[in-house]
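1. Can you look at this prediction? I've put the sequence above it.
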Amino acid sequence: MATRLKIKVIDKEKNLDLRLPSIPFWLITSLCSLAFTFKPFLLKYADDLDEEAKAILKELDYKSIKEVFDVLKSNGQFDMVDISSGDGTEVKISIL
């Protein structure tokens, strides 16, 4: 069963080499839970958000996020995104 998310982004043109260590799903869901605590304040005081973003945030809830991670976990290990280009740009998001 997959339990971690790993992200790698390399862009030779912009001299970017981002490699995040594998992050456990429990940590991601815990941080999401904390973020949803502040959701009402964000919707009330973030004037720079457009109406579409506000509508999406209003509909989004912790239960939906948790469900996404439960489905990802149940599918085992796989590469969710694996893109490489000829100029050395690489993006890889793996479920481990």
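-> Good, I have the coordinates. Numbers count the residues shown, from 1 in each chain.

2. Find the nearest non-adjacent residue to residue 10, please.
-> The shortest distance from residue 10 to any residue other than its chain neighbours is 4.3 Å, reached at residue 90 (Cβ to Cβ, 6 or more residues apart in numbering). Yep, even glycine has a C-beta here, placed from its N, CA and C like the rest.

3. now the one you found: how far from residue 43?
-> From residue 90 over to residue 43 the distance is 36 Å, taken as Cβ to Cβ, to the nearest Å.

4. now do residue 36
-> With distances taken as Cβ to Cβ, residue 36 is found 11 Å from residue 43.

5. And the average pLDDT for stretch 9-16 is what?
-> In this model, stretch 9-16 has a mean pLDDT of 92.

6. swap in stretch 82-95?
-> Per-residue pLDDT over stretch 82-95 has a mean of 94.

7. what's in contact with it?
-> In this structure, residues lying in contact with stretch 82-95 by Cβ atoms under 8 Å, 6 or more residues apart in numbering are 2, 4-13, 72-73, 75-81.

8. among those, which ones are buried?
-> Buried members of those, counted by 16 or more other Cβ atoms under 10 Å: 2, 4, 5, 6, 7, 9, 10, 72.
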